[in-house]
Structure formats: structure tokens, C-alpha cells
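Peer 1: After the sequence you'll find the predicted model.
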Amino acid sequence: MDPGGRPVAHVISDNFKRGEKKQDKSGRYFYECKTCSAIIEHRDNKLLKHLAHNCADATPSQKTAALRHLGSASHKKGKTVFGVIPPESGSAEPVAGGIVNAQLQQHLSDTGEGAVVTVGGQGENVVAVRASKKRARGSMTLDGWIDYPLTDEQIHEANLRLFRFVVSANIPFTAVDNHYFIEFLAFIRPMYESPTRYVLSHSIFDTELANIFLSDRERLRNEKFLTFLIDGWEDALRRSLYGSLAARVGEFPTLLSLEDLTGGRATASGLLDVMKRALAHMDQESGENFIAVTTDNPTTMQAFRRLASSDANYSWLLTFACFLHQTNSIIGEIVSFAPAKAIVSKNTTIVSFFNGSHFWGGQLMKTAEDLKLGARHLRQNVDTRWYAVSLQSQSVIALRQAMTTLCARGDAQRSTNGLSVVKKAVVNAVLRDESFWPLNEQLLRITKPIVDVIGNLEARSCTLAECALELIFCARTVSKMVAEPGDDPALLEHAQTVFSRRFAFMITPIHALALYLHPMCRALALSKATGGGFSYDLMLKTALGIVQKWRFKKGRAVAKALIADMEEYQACRGVFAGGQTDAYTWWTSRPLIRSEHPLRVLAEMLHSIVPHSAEIERLFSQLGGVQTPKRCNLTVENFEGLGRCRSHYSRQLWEQDRKNGKSAHRKHAHMHTRETPGINDELVRKLDEQFTPVEQVVVDGGDEKGDEEVDYAMGELEKGFAKLTVRLAEEGVDKVDITNRDVLKGEMFDFSLLDAVKRGEVLNPYEEEAEIGGAADSDEEWDIDDVVQGSR
């Protein structure tokens, strides 16, 4: 028992030893952790939070006990420190905060003339208020209510709902002390007294976070076929933070951890340690629920993926470079060509000038409005997001008539009374450069289909097979491009060469195998097997290589069974006949016993892998929202906690929408779902979020910032091109040999089959003869070539 008379919880007395008293008036004591010997002041929930999250030597049972105690309810009169459901209440698992259907206790019972509203529990706490039948049936007003005191349980639920609203809506905790918010609560429910900012941000936060953490951990324990995503981010305090997620195709991701590497080097070995700590943080040390790792593709991440897959603890993991980042690099390499770079530079000059000049920017929008062009604003390019080049060109072209009209005005070219004019470089590009507009339109035509690939694949339901299929569709579009009058043939030739080389680099044998294991694409995957495409033998050896990497028991027998399954699948016989657009659903519906048919397991796993790191980008975007100007000094621990809570609430809203039949994600174009070509409206709206349009105010005067904006934008553009040059050298794509493997020449895939895929037709690939030998039952090491040869 504490000196103050309050009993110490068993989880604290069992794991901590009380030490010296703190030398101040607080009356608090220091406690020593029995596990790691850390000295911690006993206040708020510091001891429990240390044991649950920070103690490196704590066992899983100790962490769970601390989390359960943090998440337990304490319904005491006058207290606002409440959890959700205590472990002793009989619930198998604690219920994390979020969408709750239970209402506060209000029982209406008709009694002739009116209705009795019974509130609270029994005995002295019951308060009854008589209301008319008319009001009881749904026309009640606040004026008709007689207020009543809230029970402890009601205060508890109200406080939790308030906390969830504050966190989910990204409102600072200081809002609960706002005078008008308090007035609002007093008007709605005078007897409810909201928790203070301190209680909300400490006690309730700790309790809710503990339950959410337990809920996330339990969910991960039951999930399979997960992909580990990791990436770095610099927050508002210039800290180097690395976020880790557990993701699966079609499911809402789970935050593993957020780690601060400020002051350290983000080396491959350092990132591997981050991965191990993130998995251990969520009780996933073995990593057995994960099958793949997906990251961005700089040199450090390449080395990290190699190190992770070669580590004895995670040797079964398949590793992938983010497909969206690689697609973005296609555009980056195209616009690095001198003619395209010149157009991008001129576009950047034009956009930054008009966005930076209040007067001329406002005049441009007014001219566009008078001409009924419907254009809203000019879109600036974003460093490293090369897909924005397409939107920038599109916005400039859309305002061509307005720019031409404006730049032709006398006051735009000659200063009057010392007032500013349009920048000379802008006037020259708009009025005098004959190649500017034709090359701008050519650049837009080249980059639009590649931007479509990014927009179509960023959905949560994207698979490896869809990545390959979308890029093949894009390849067909690029292959049909010809130089039009006013175009630069060298630019088109450069773009097509870059695309062919990058295509060969991006579509790995595993991507091709995933495409082959899509029941509607097996013929397409092998359509150029006799040329520079992928053969059945390569598909078979790639599949066996994955099985060998996963080190199944009785590996040789599993390999033999896989070959047998592959032969049947190749011939479209029996249960392998037919197909549907959702490959994962098709495979899970096959009447095959997984232990006897390894091809089903392989297909389900490949179609569960997340091929891009868009979820990490969404996490950082969400965290950027959490770290508002009024909450910029958050510790990394609290930063992660708020991010975890907000992510959990987003998941529950997402699950509720999906349960109610609402769209739970942005519809994207894959297979045969898109009806109109080009950049779709939804994609434009999505990418528009990356830009902050400058609201133009028409103010005539000489104090213009247009030139400063141009200088800054051009400096950022040059930095972006410099980074791109380094990235291209790191990736080594220029060394890829596309001899006899030029996708644009039809040497890798037969484009004529794409229309059949789009229509949903199932085509049989050419047949490959293979006779299956007897299955072995030993666990000895086996060679892929030996197994393949022995099966024929």
C-alpha cells in the first residue's frame, strides 16, 4: 500500500520495487523495475507504460498484464479515468474504442397519459421524468427535458466518446477547455462535466491506447499472409522517423511501430533492427505471419531487402520494390531528357509566377472566367512526385487561351506607372516560343497513360498480378504512339526506350508468375514464351523456387505435387477450368485440400502480397495531420499512440462502411472496370490533394512575389532532377538488356489477348507436356532442376 493509503495494483507490486521518496512536495516515490532496473517516478501511468512498451526485458505475459490493467475500467464516483472493459468482467478480449451501438441507459415505458424516462441503475440512483406521448414518439425538444445526474458508467462512456471524437477529428486536447465548447455542453447536458485537457491527454488516452494496442495485437495474431511495409519520413520537428505497417491486399493495415532514428544512420542493418523491434513490439517476433517485405527502392532499401531475406530468422520472406515508386520513376526518367526538361522548366516558371503574383494570378483567373474556360488554378509540380508533371502540363494547356490573351496586353509587357509586368520568360514561352505548346501537348500524351497506371494501382485491393496487367495495358498504349506534327521524334523515341527498359526491370519472374496464376491471364502470361517473354518452364521453376525458399516439410513431395497441380492448371482441366476477375476469391473457392495441393496455397499467398507502399504514404499523411501547429512538440511515443488511435478509428469506420455496402475505397481501373480512357476524374481529384491551390487576390501594386516564387520553384526543380539522377544510378536500370525483350515491339506479351482479358474471357494457354513421377517422402535437400527433370 502507498504511504497515502491507496493500494498498489498487483501488476505494479509484482514488477517494481519502491525506492526513495522524491525530494519535493508531491509525495511521490521512485520505483525500480525488477526486470530491467530502470528507475521511474510513480505518477500517472508511467510504471505501467514502461512495462507495456519500453521495458526491453519484459516477457509477453508481463506486457499483457500491464496493458490489461491500463485498459481496465475504474468506475469510481468523481473519477474520469476509465477504460473500456476490465479483464475481470468476463469478456474474453478487451473491446477497443470506436463504433459502439450501445446507447446510454434510457428506458421508455408507456403509461397512458405519457412516458416515464428511467435513467441509471436501481434504488436511489433512479431518476424518473414524465414526458408526453407526443414527445416520446420522436418530437421531443431540449426545452422539454428535465436534466438528471449521470451515473459513473454514463460519464465513462461520454468521456470515451469525447476522446474518440477529439482524436478522430484531429482536434487539439486544449479544445475541451474552450469556453464556448463548455457552454455548448452545458446547454446540451448541464449535469455533464467534461474531463480536463490533462485527464483527456493522459489517463483516458493511456486507457484507450492500451485497449487498442491489445486489439491490434490480437488481430495480427490471427491474420496470415501479411506484408511488412517500412519507410522513412521527416516530421515537422525535422526528426527522422521510420514507420512500419502490417498490410494485406483488401484489408485495412495495422500500425506496428513508429521509431525515431534521428542522430543515427539509416543503414540496412539498422533498418533490419527496426523491423525486428517493430515485430517484437506487436508480439510477432517470429514473423511467421508475414510472407513479404515491400519498400521504396533507394540503395539503402535495396540492401535492407537483401539483408532481410538472407537473415536466418526471416529467410522465407519475398522482397519487392514499391511498384508505384518505380512507375513514378518512368515519368521522372522521361522528363529528364533535355527537350522534356526544358518544357517542365518553362511550365514551372509559368505556374510559379502566376501563383506567386497576386495581381497577375488574379487577372489570369478572371480572364479564364470571362472566356468560360472553367479552369480553377495552375498546378505546381511536386519534388520527386513526377506524375505531377502530367497535371502541371494539363493545367497550363487548359489556360492557354487565357494566358495568350493576358500576355498580349500592353500592361503585361510594358510597365505603366511603375507597376509590375508579366515575367519576360513567361511572355516568351506563351507568345513567342513556337515549340512550347506542341511539345507540352506531346509530353502530356506520353505521360498520361503512365499516370493512369499509378492511379489505378494505388488502391488497397491491388495485387502483383494487377500491377503486371496494368503495365501491359500501358505498354500497348505507348507502343501505338507516333510523332504528330510539331512533335519532337527524339522525345518519343527516348520515352519508348525508357518505358521498354523499365518494363523489363519491373516485371520480375514473381510478377509474371502472379499474372500467370490469375485464371484470366494465364494465356497472356505465356503468350510470347517462344520469344522474349516468360515460358512455362520459367513459371514452374519460379514457383518451385518460392516453395524451396519457404522450406516446407517433405519438400520434394510438395514440389512433385506442385508440378502436378501446375500441369492441370496449365491445361485448364477439372477444378482449374474457368476463372473470374478476383483471382484470390477464385482460388479460395477451389475444392482443393491445401495440404495436398500446394499450388492453391502458393496462389493465395501471391495474391495477398501488397505490391506497393502507398499505405505507408497514407500513414505519414495521417501523422502529418496529427502533428498540427498546436501539437508539434509531441514525443515520438505519444505521436505513435495518437497515430495508432486515429488509425484504429479509421479502420472501424472503414469496416462499418464495408458492412453497410458503401464503397470502402476509391474505385480504380483494373481488369474491365473502367469505361472511359485517359486520366479519370477521380484520379485527378485524388492527385489534386497533393497540391495547395493559391487563392488569387486581385491587388494592383508593385510589391510582387512572382519572381521570388519562380526562383524558389526552379531551385526545387533542379534539386528534384539532381535527386533523380542519383536514384537512376542507384537502381541500375540503364544496364537492363532488352534485346529480344522489347515489350513495345510485342516481344514479351501478345497485346491482342488484352481485349479478351478486358471482356472477361478465359483463354487456354498452349499446352506443355509433363508427366509426373512418384512423390518422395523425405526432408532431404532438393534441387529444382533435378525435380523438374525427374518429373518428365
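Peer 2: Great, that's in hand.
Peer 1: and the helix or strand harbouring Cys645, how far out from the chain's middle?
Peer 2: Assigned by DSSP states H and E, Cys645 belongs to helix 636-659. Centroid separation for helix 636-659 versus its chain: 13 Å, with CA atoms, centre = their mean, to the nearest Å.
Peer 1: Same question for stretch 40-53.
Peer 2: That offset, for stretch 40-53, works out to 32 Å (CA atoms, centre = their mean).
Peer 1: wait, what's in contact with the residue nearest the centre of the chain?
Peer 2: With distances taken as CA atoms, centre = their mean, the residue of the chain nearest its centroid is Glu615 (1.3 Å). Glu615 makes contact with 229, 245, 247, 253, 460, according to CB atoms under 8 Å, 6 or more residues apart in numbering. All C-beta spots, glycine's among them, are computed from the backbone N, C-alpha and C.
Peer 1: for the helix holding Cys645, packing partners?
Peer 2: Packing partners of helix 636-659 (3 or more CB pairs under 8 Å, 6 or more residues apart in numbering; DSSP states H and E): helix 152-168, helix 205-222, strand 254-260, helix 614-626.
Peer 1: Could I get the buried residue list for that helix?
Peer 2: For helix 636-659, the neighbour count (16 or more other CB atoms under 10 Å) marks 636, 638-649, 651-652, 654 as buried.
Peer 1: again with stretch 430-448
Peer 2: Using 16+ other CB under 10 Å as the test for burial, stretch 430-448 gives 430-431, 433, 436-448.
Peer 1: outside of it, which residues touch it?
Peer 2: 331, 334-335, 339-340, 343-344, 346-347, 350, 387, 389-390, 393-394, 396-397, 400, 403-404, 407-408, 429, 478, 481, 483-488, 491-492, 495, 678-679.
Peer 1: so how far is it off the chain centroid?
Peer 2: That offset, for stretch 430-448, works out to 34 Å (CA atoms, centre = their mean).
Peer 1: cool, and stretch 725-732?
Peer 2: 25 Å.
Peer 1: Please produce a markdown table containing the helices and strands packed on helix 636-659, extended by distance to Thr588.
Peer 2: Listed next are the helices and strands packed on helix 636-659 as a markdown table, based on distance: least, CB to CB, whole Å:
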| stretch | distance to Thr588 |
| --- | --- |
| helix 152-168 | 33 |
| helix 205-222 | 17 |
| strand 254-260 | 22 |
| helix 614-626 | 23 |
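Peer 1: among these, which is nearest Met506?
Peer 2: helix 614-626 (16.0 Å; CB to CB).
Peer 1: Can you go through the contacts of stretch 430-448 and name the buried ones?
Peer 2: 331, 334-335, 339-340, 343-344, 346-347, 350, 387, 389-390, 393-394, 396-397, 400, 403, 407, 429, 478, 481, 487-488, 491-492, 495, 679.
Peer 1: So which other helices or strands are in contact with whichever helix or strand Ala729 is part of?
Peer 2: Element membership for Ala729 (DSSP H and E) is helix 706-731. Contacts defined by 3+ CB pairs under 8 Å, 6+ apart place helix 706-731 against helix 323-335, helix 338-356.
Peer 1: what does the shortest one contact?
Peer 2: Okay, so that is helix 323-335. Contacts of helix 323-335 (CB under 8 Å, 6+ apart): 296-297, 340-341, 344, 384-387, 389-390, 443, 446-447, 450-451, 453-454, 457-458, 467, 471, 494-495, 498-499, 502, 505-506, 611-614, 724, 727-728, 731, 733.
Peer 1: Identify those among those that sit within helices.
Peer 2: Secondary structure from DSSP state H places 340-341, 344, 389-390, 443, 446-447, 450-451, 453-454, 457, 467, 471, 494-495, 498-499, 502, 505-506, 614, 724, 727-728, 731 of those in helices.
Peer 1: thinking again about what came up before, how far does the helix or strand just after the helix holding Ala729 sit from its chain's centre?
Peer 2: The element immediately downstream of helix 706-731 (helix or strand, assigned by DSSP H and E) is helix 754-759. Distance, stretch centre to chain centre, for helix 754-759: 30 Å (CA atoms, centre = their mean).
Peer 1: what does helix 754-759 contact?
Peer 2: 469, 472-473, 476, 520-521, 524, 671-672, 763.
Peer 1: try stretch 504-518
Peer 2: By CB under 8 Å, 6+ apart, stretch 504-518 touches 318, 320, 323, 326-327, 463-465, 467-469, 471, 521-522, 524-526, 534, 538-539, 542-543, 546, 569, 579, 583, 587, 599, 602-603, 606-607, 609, 731, 733, 736, 738, 741, 743, 748.
Peer 1: Stretch 42-60 now?
Peer 2: Counting by CB under 8 Å, 6+ apart, 11-12, 15-16, 18, 26, 28-31, 33, 35-36, 38, 40, 62-63, 65-67, 69-70, 202-203, 206, 210, 213, 281, 283, 637 sit against stretch 42-60.
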